[in-house]
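1. my questions are about this predicted structure, shown below with the sequence.
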Amino acid sequence: MLRTMPRAKLEDDLAAAEAIAARPAATAKELADNLAQMYEAVFNVGLDRYDVSALARSAPQLARMIFEHRLRLRDQVADWHARGFMSLPAQRAVRNALRIARYATDMLGELNIGYMQLGPQEKTLRAFRGVDVNTFVNPTFATGHDLSFQAGDLLLMRGMHHNSAAIARIGDVDSQFSHLCIVHTDEAGKQWVVESLIEEGAVINPLYKALDHGVGRCVLLRHKDAELSRRAAALIHDLVRRSHAQGGKRIWYDFTMELKGETELFCSKLVRLAYEFASERKYALPTFTTRYDMKNRDFVDRIGVTAHETFAPADIEIEPDFDIVAEWQDYRVTSRLRLQDLLMDELFRWMDDYGYRFKPDLPVRLIGLFGKLSGRFSDQAKDLIESVVPRVPPNMRRSAIQAVAMLQFTAEPLLKDLMALERHCVERKGRPLHAREVYEHLEARRQALGHKIGYLELSA
């Protein structure tokens, strides 16, 4: 292995990257250029540059350093927006910079726990609990006591499934999150989350259940106006509670991702509606939207997306009126999430660049048929057949059920291959795969597989 002597220090490279991001910008273009250079500086750094054993000893401190760097970067968004600098390229550059810095944190956390993986029968930790630098708290909100939640707080989450990875990556900017929900505190002090789930639509769940539901990473955000937040949570809670009462009309998941309408809600649209109610329609989230501007809309069309611009969960990450209170991740699964992200990057790139499209066969058509039929069953009946037929809502189209199944069947073998490759890299070199290595491997697989990759086929 090629070694540079003397060994570089990650602290120096991080300081150099932050110095690039901190350069004064007089225009939106200069800001975007600075952040793009910062992204490249971090992306091009490989752990081969460092003494990995020494890096492991300082990993917790370095991870906190990067978290605080991300906070400083994000805190500048409000000023950049006020100065008119948050052009679309600048928005994308900010998001990219935050994403690459988070991946760096993940790798340090993985190194810190010796690249331990989640076992087959193990669950992810409950969010905002755990050791080994699982939780970072914004110094502004640190009290020295256990983290507390307030009414109106938002939870930005990432699940473990391939459809979660797809939700995080189908927009014009790659993100690391797939779900957003709002915290409500009732009169007895008990805390709940109000959320919209694909399977159940708008529901109310105990806060502890949401934090213990196969979450890989989670960010806690808080609006600067506590009273507005409290009203938002209370009003949306009452709306969803009434929808489940006798005679109420269920609010199902909105697969269109359109911002208009209130009869169906996707997760971040529910949060948007909560703050609209609380502000008497004067306040609308998000400030910076996500666009579906891919050339090949095969997947999004199949799942029912009609929007070209929407409020994606990760848009809240750079919302100027919210502060990041804390961030949590389970380092036993962050490598899997990262590989899922990079895999989705390539699958969607192949669709755009080469024209691959999903092509269902008979088993997938049957999954779609019986899944659609199951949407009309009672919740008790769905529970009984869930291991055989997908648990789906009555408004989910057959094509959407098929698309989710085809994505799962296509992505899972490639992900297993990547995870084995990463384990081999850790054993031989003491580090995870670099994104460049992942992309190179996947491109080689594409070329070897040719016109058919799982359920993706080249258009005639």
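-> Structure's in. What do you need?
2. residues touching the residue lying closest to Lys190 once chain neighbours are set aside, list them.
-> Excluding the flanking residues, the one nearest Lys190 by C-beta to C-beta, 6 or more residues apart in numbering is Pro206, at 7.6 Å. (Each C-beta comes from the backbone N, C-alpha and C, glycine too.) Contacts for Pro206 (C-beta atoms under 8 Å, 6 or more residues apart in numbering) come out as 190-193.
3. surely Ser268 meets Glu317?
-> No - look at Ser268 against Glu317 with C-beta atoms under 8 Å: they stay out of range, at 11.3 Å.
4. any chance you could map the helices in the stretch 201-350 of the chain?
-> 207-211, 226-244, 267-278, 298-303, 334-354 (DSSP state H, counting those that start in this stretch).
5. and the angle from the third one to helix 226-244?
-> In this case it means helix 267-278. Taking axes from the mean of the first three to the mean of the last three C-alpha atoms, to 10 degrees, one finds helix 267-278 and helix 226-244 inclined to each other by 110 degrees.
6. quick check: Lys429 vs Leu31, distance?
-> 36 Å (C-beta to C-beta, to the nearest Å).
7. neighbour count winner among those two?
-> Leu31 (24 against 14; other C-beta atoms under 10 Å).
8. the helix or strand encompassing His424 - contacts with which helices or strands?
-> For His424, the element it lies in under DSSP states H and E is helix 398-429. If contacts are counted by 3 or more C-beta pairs under 8 Å, 6 or more residues apart in numbering; DSSP states H and E, helix 398-429 sits against helix 162-169, helix 298-303, helix 334-354, strand 356-358, helix 362-374, helix 435-449.
9. out of the ones you listed, deepest packed?
-> Mean neighbours per residue, mean count of other C-beta atoms under 10 Å, is largest over the helices and strands packed on helix 398-429 for helix 162-169, with a mean of 22.
10. contacts for it, please.
-> Residues from elsewhere that reach helix 162-169 (C-beta under 8 Å, 6+ apart): 158, 174-179, 198, 299, 312-314, 337, 340-341, 343-345, 348, 404, 407-408, 411-412, 415.
11. can you redo the helices of the stretch 201-350 of the chain as TSV with mean pLDDT?
-> Output for these, formatted as TSV (pLDDT from 0 to 100):
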stretch	mean pLDDT
helix 207-211	92
helix 226-244	98
helix 267-278	98
helix 298-303	93
helix 334-354	95
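12. nearest to Leu125 among those would be which one?
-> Leu125 lies closest, by C-beta to C-beta, to one member of the helices of the stretch 201-350 of the chain: helix 207-211, at 9.4 Å.
13. wait, Ala97 touches Gln37, no?
-> No - checked against C-beta under 8 Å, the pair Ala97 and Gln37 is beyond contact range at 9.7 Å.
14. who has more neighbours, those two?
-> Counted by other C-beta under 10 Å, Ala97 and Gln37 do not tie: Ala97 has more neighbours, with 25 against 16.
15. for the more buried one, which non-adjacent residue is closest in space?
-> Nearest non-adjacent residue to Ala97 (C-beta to C-beta, 6+ apart): Leu35, at 4.8 Å.
16. check the offset of the helix or strand hosting the one you found from the chain's centre.
-> According to DSSP H and E, Leu35 maps onto helix 28-43. The chain centre lies 22 Å from the centre of helix 28-43; the measure is C-alpha atoms, centre = their mean, to the nearest Å.
17. show me the domain layout of this structure.
-> What automatic domain parsing lists as the domains of the chain is 10-112, 135-329, 334-458.
18. now the end-to-end length of the first one.
-> Translated: domain 10-112. 15 Å (C-alpha to C-alpha, to the nearest Å).
19. pick out the residue closest to the middle of the protein.
-> Phe177 (1.0 Å; C-alpha atoms, centre = their mean).
20. how about the nearest residue to that one, chain neighbours excluded?
-> Per C-beta to C-beta, 6+ apart, closest to Phe177 is Ala314, 4.5 Å.
21. any idea how many residues pack against the one you found?
-> 26.
22. I figured it hits Arg95, correct?
-> Yes - Ala314 lies in contact with Arg95 (C-beta under 8 Å); the separation is 7.4 Å.
23. shared neighbours, these two?
-> In contact with both Ala314 and Arg95: 173, 175, using C-beta under 8 Å, 6+ apart.
24. for this structure, which helix or strand comes out least confident on mean pLDDT?
-> Least confident element among the helices and strands of the chain, by mean pLDDT, DSSP states H and E: helix 379-385 (a mean of 51).
25. can you say which helix or strand has Val193 in it?
-> strand 191-197.
26. tell me what that strand is packed against?
-> Judged by 3+ C-beta pairs under 8 Å, 6+ apart, strand 191-197 is in contact with strand 179-185, strand 201-206, helix 207-211, helix 226-244, helix 267-278.
27. and the helix holding His424, what's buried?
-> 398-411, 414-415, 418-419, 422, 425-426 (16 or more other C-beta atoms under 10 Å).
28. for stretch 117-124, same thing?
-> 117-118, 124.
29. which one of those residues is nearest His434?
-> Gln117 (19.0 Å).
30. I'd say that closest one and Thr334 touch.
-> No - taking contacts as C-beta under 8 Å, Gln117 lies outside contact range of Thr334: 10.5 Å.
31. run through the residues that contact Glu317.
-> For Glu317, the contacting residues are 74, 95, 98, 156, 175, 177, 219, 221, 324, by C-beta under 8 Å, 6+ apart.
32. filter the residues you listed down to the buried ones, ChimeraX style.
-> Filtering those down to the buried ones (16+ other C-beta under 10 Å) takes a single ChimeraX command:
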select :74,95,98,156,175,177,219,221,324
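33. I'd like the contacts of Glu317 as CSV, with pLDDT and distance to Pro286 appended.
-> CSV is the format used below for the contacts of Glu317 (pLDDT from 0 to 100; distance: C-beta to C-beta, whole Å):
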residue, pLDDT, distance to Pro286
Arg74, 96, 14
Arg95, 96, 12
Leu98, 96, 15
Leu156, 97, 12
Ser175, 89, 12
Phe177, 94, 13
Val219, 97, 15
Leu221, 98, 12
Ile324, 97, 15
